[in-house]
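# I would like to see how this sequence folds:
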Amino acid sequence: PALARLGPYPMDALDALAYGKRELFEYWGRAACLLPIALYPLLRHRMQKHAERTQEYMRSARGAYMAKAYAEVAERGPLAAAELSNPGKRSGHWWGWGTGKATLEHLYNAGLVAIAGRRGFERLYDVAERVIPRSALEAPVPPREEAMKQLLCLGARAYGVGTFDDIAGYFEIDGWRDRLPAGPYWERPKGPDGRRAKPIVKRLLSELVEEGRLVPARVEGWKDAACMHPDARVPTTVDARGVVTPFDSLVWDRKRLERLFGMKYTIEMYVPAPRRVYGYYVCPFLLGDTIVARCDLKADRDRRVLMVQSAFLEPRQNARRVAPELIGELRHMQKWLELDAIEVAGSEDLAAALRRSVR
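Take a look at the predicted model:
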């Protein structure tokens, strides 16, 4: 996602900020995210919810495995789940995680361990005190509801204007993770005691409006009530151009995306190949204030080629206008990925125009 926002940047910059300078940290925002370290105190309520129950669990006989895993990380970390002395057997649950992986992930959710780095896609875990800067660990922690309100305000600032659901969804405030019972998921009680807590986010948003920290808004064509950040301003022009990844905040809320841009979008990498409509890794193309196309991209490292496996115009768009703009953006991506060429395949309505533009 950073390429569309920042343009070409040094490949190692994000790793340096997250795992070197510790200016970013991994935790749950909307999903698993790299977040500014300044947000750590605002997310402590998510960790603290599980921390006390988890520590009690580790002192019990049932929690002996987790206690040993935590002690091993404290002694030998950072380490991957597979490097535990007893990583446990893989199961059919939670993406086939072994017992060790599930245990370390819960300790991470509880804030007792943190992500110290990565080996490819493999997380390296260490005790939080060796990963999170002391200034963040010792920073005052707002009460849970105030922390949630501050995160809602940050979501509103990022979006400018949105429905209550839009703004709550930016950091997944009061979502399923916030409302689950505390403790390891395999220890949660069955029946009424194991149910999720009742949602409170609409009350929090209403209170923010009453407090003047958010402002009511009406948007033409929207059925639901909306609000906006007091500092939001309507730009006179929007001079944007970017190939947006499937995990960009512009597109992660599908209902908002369709409401704002008229685009119906699905991440089809999780769809069996015969049932895909647009492709495996389909990126919307934003030009000005309109999403004008989408394309399925793949970096072929062996051939050093950026492959455009399919390319589709959005309704009422002109291929002669869109193709040169999209190729210009793809050239930035090609050079950033240190590839030698762009190759356009497919027979979709934009593909032929892209092939002419790439020559």
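# please count neighbours and contacts with C-alpha atoms only from this point.
Noted.
# low-confidence ranges, the stretch 151-300 of the chain, go.
Along the stretch 151-300 of the chain, the parts satisfying pLDDT under 70 run over 189-195.
# tell me which residues are up against the helix or strand where residue 56 lies.
If you go by DSSP states H and E, residue 56 is part of helix 40-59. Identification of contacts with helix 40-59 by CA atoms under 8 Å, 6 or more residues apart in numbering yields 63-67, 107, 109-112, 136-137, 139-144, 147-148, 150-151, 178, 182-184.
# look at the nearest residue to residue 349 once chain neighbours are set aside and tell me its secondary structure.
Ranked by CA to CA, 6 or more residues apart in numbering and with sequence neighbours excluded, the top spatial neighbour of residue 349 is residue 312, at 5.8 Å. Three-state call for residue 312 (DSSP: H, G, I helix; E, B strand; the rest coil): strand.
# how close does residue 312 get to residue 280?
Distance from residue 312 to residue 280, counting by CA to CA, to the nearest Å: 14 Å.
# check residue 196 too.
34 Å.
# neighbour-wise, which of these two wins?
Neighbour count, other CA atoms under 10 Å: between residue 196 and residue 280, residue 280 has more, with 20 against 15.
# so that one, which of the three states?
Residue 280 ends up coil, using three-state DSSP.
# for the closest residue to it other than its chain neighbours, phi and psi?
The shortest distance from residue 280 to any non-neighbouring residue, by CA to CA, 6+ apart, is to residue 269 (4.5 Å). Dihedral angles of residue 269 (phi, psi; degrees, to the nearest 10) stand at phi -60, psi -20.
# ok, how many other residues are close to residue 269?
13.
# just to revisit the earlier point, which SSE is immediately downstream of the helix holding residue 56?
Assigned by DSSP H and E, the successor of helix 40-59 is helix 64-76.
# now that next one against helix 40-59, angle please.
120 degrees (axes from the mean of the first three to the mean of the last three CA atoms, to 10 degrees).
# bridged to the residue nearest to residue 349, which residues?
As for beta bridges, residue 312 partners with residue 294 under DSSP bridges.
# ok, it touching residue 348?
Yes: here residue 312 reaches residue 348: they are 5.9 Å apart, a contact under CA atoms under 8 Å.
# so between these two, which is more surrounded?
residue 312 (22 against 15).
# let me see the domain layout of this protein.
Per the record, the chain has its domains at 2-138, 144-228, 240-358, by the TED database.
# please compute how far the shortest one lies from its chain's middle.
From the chain centre to the centre of domain 144-228 is a distance of 17 Å (CA atoms, centre = their mean, to the nearest Å).
# ok, the longest one next?
A distance of 15 Å separates the C-alpha centroid of domain 2-138 from that of its chain, computed with CA atoms, centre = their mean.
# show the average pLDDT along stretch 323-335.
In this model, stretch 323-335 has a mean pLDDT of 97.
# in it, what counts as buried?
Burial within stretch 323-335, assessed by neighbour count using 16 or more other CA atoms under 10 Å, is assigned to 323, 324, 325, 326, 327, 329, 330, 331, 333, 334.
# touching stretch 319-328 from outside, list them.
Counting by CA under 8 Å, 6+ apart, 241, 243, 285, 287, 292-293, 313, 349-350, 353-354, 357-358 sit against stretch 319-328.
# quick one: the helices in the stretch 151-300 of the chain, in order.
Taking DSSP state H, counting those that start in this stretch as the test, the helices found in the stretch 151-300 of the chain are 164-170, 176-179, 201-210, 254-261.
# tell me the most buried of those helices?
Compared across the helices of the stretch 151-300 of the chain, helix 164-170 shows the largest average neighbour count, a mean of 21 (mean count of other CA atoms under 10 Å).
# alpha carbons of it, as PDB, please.
Provided in PDB are the C-alpha atoms of helix 164-170 (Å, rounded to 0.1, in the frame of the first residue of the first chain):
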ATOM      1  CA  PHE A 164     -20.800   5.500  11.700                       C
ATOM      2  CA  ASP A 165     -20.000   2.100  10.300                       C
ATOM      3  CA  ASP A 166     -17.300   3.500   8.100                       C
ATOM      4  CA  ILE A 167     -15.500   5.300  10.900                       C
ATOM      5  CA  ALA A 168     -15.900   2.500  13.400                       C
ATOM      6  CA  GLY A 169     -14.400   0.100  10.800                       C
ATOM      7  CA  TYR A 170     -11.200   2.100  10.200                       C
END
